[in-house]
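Peer 1: Build me a model:
(one chain, ligands or ions: 2)
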Amino acid sequence: MTKLVVNQLAKTYGDPAKGGVEAIREISFDVREGEFVCIVGPSGGGKTTLLRCLCALHGRSGGRIELDGRDVTQPPPEIAAVFQDYSRSLMPWYSVRRNIELPLKNTIADKKERSERVEWSLREVGLGGLGDRYPWQLSGGMQQRVAIARAIAYRPEILIMDEPFASVDAQTRAGLEDLTLAVRDDVGAAVLLVTHDIDEAVYLADRVVVLSSRPATVMEIVDIDLPRPRDQIKTKGLPRFAEYRTHVLELIRATSQPEPVSEAQQAVAATLHGN
Ligand code: ADP
Ligand code: MG
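Peer 2: Ligands and ions are numbered 1, 2, ... in the order given. Below is the predicted model of the structure:
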């Protein structure tokens, strides 16, 4: 079953006639129930803009976004988001437990039920028993796990993640990737994850949406036919993994080519090099 449909989405910041920034020219793709979709593309290409449009955090210039067949015009309660900068997303003066519980107050009136939800989500991310700690008492990887716990405590149908592991070391990153796969299986939510790490995208995804450089368009949607459960060593050692990775890398490289140099630039270069 299709969960989310993005149809000919376009987004320009500001007035195009007065030097506005065309971030997204045209993006179309869909996300099925429980599917893991990764979005890769060059930096500055419009990926965060796409996620903000999906969460209806800002308007769009064209196209449609449908969740379960309904047009998305306000932040949908079915979607929870985890962003890259965990140090800014958690409130340092609240305990871990309270950080997770606060957003639930809007949706769950019963205090006991809220508290059970918090404890469940903490256990789910491997932080059971650490609810009384404060974010600043935890490592970066653990803080990001709190951010994931806060998102899944909500029981979202779609979990949106914007470069969620970009600021942790490689070892922690691999652990968080596997945690996200396990959470997806347990919660049954679809995951839409933006990354500029091609290995990460291929490792995690059922499908990878490859975006061009700005203004973003879809270059290709690649089906990742690798067995599950995935394993950091076994999966990444498969010949097919290498093939997918090379293919996506070639697409990204093609879209990231520098502009051809003009005749004037060539003349300057010739002068500088004395020929
Ligand atoms: P990515 O996440 O792929 O790195 P972004 O979506 O953050 O890319 O940005 C795409 C383009 O839109 C960039 O050129 C960026 O400078 C521009 N941009 C992002 N947010 C705004 C904004 N609020 N106002 C104007 N331009 C913006
Ligand atoms: Mg971004």
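
Peer 1: hey, let's count contacts and neighbours off CA atoms from now on
Peer 2: Will do.

Peer 1: which parts of this protein sit against ligand 1?
Peer 2: 13, 21, 23, 43, 44, 45, 46, 47, 48, 49 (Cα under 6 Å from any ligand atom).

Peer 1: try 5 Å this time
Peer 2: 13, 23, 43, 44, 45, 46, 47, 48, 49 (Cα under 5 Å from any ligand atom).

Peer 1: For these, which entry has the maximal number of neighbours?
Peer 2: Within those, residue 47 tops the neighbour count with 26 neighbours, counted by other Cα atoms under 10 Å.

Peer 1: Tell me if I'm right that it and residue 41 touch.
Peer 2: Yes: in this structure, residue 47 is within contact of residue 41 by Cα atoms under 8 Å, at 7.3 Å.

Peer 1: that older thread, now, the residues of the chain next to ligand 1 that are in strands?
Peer 2: When the residues of the chain next to ligand 1 are checked against strands (DSSP state E), the matches are 13, 23.

Peer 1: biggest separation within the residues of the chain next to ligand 1, which pair?
Peer 2: 13 and 43 (17.0 Å; Cα to Cα).

Peer 1: any weak-confidence spans in the stretch 1-150 of the chain?
Peer 2: For the stretch 1-150 of the chain, applying pLDDT under 70 flags the ranges 86-87.

Peer 1: residue boundaries of the helices in it?
Peer 2: 47-54, 86-89, 96-101, 111-124, 140-153 (DSSP state H, counting those that start in this stretch).

Peer 1: domains of this structure?
Peer 2: 2-73+159-173+182-272, 79-155 (automatic domain parsing).

Peer 1: Spatially nearest residue to residue 101, not counting backbone neighbours?
Peer 2: residue 118 (6.2 Å; Cα to Cα, 6 or more residues apart in numbering).

Peer 1: That neighbour contacts residue 97, correct?
Peer 2: Yes: with contact defined as Cα under 8 Å, residue 118 reaches residue 97; the gap is 6.6 Å.

Peer 1: between those two, which one's more packed in?
Peer 2: Taking neighbours as other Cα under 10 Å, residue 118 and residue 97 compare with residue 118 leading, 27 against 23.

Peer 1: ok, now which ones touch the more buried one?
Peer 2: 97, 100, 101, 149, 150, 153 (Cα atoms under 8 Å, 6 or more residues apart in numbering).

Peer 1: Determine the number of other residues adjacent to residue 93.
Peer 2: 11.

Peer 1: Which residue, neighbours along the chain excluded, lies closest to it?
Peer 2: residue 134 (7.2 Å).
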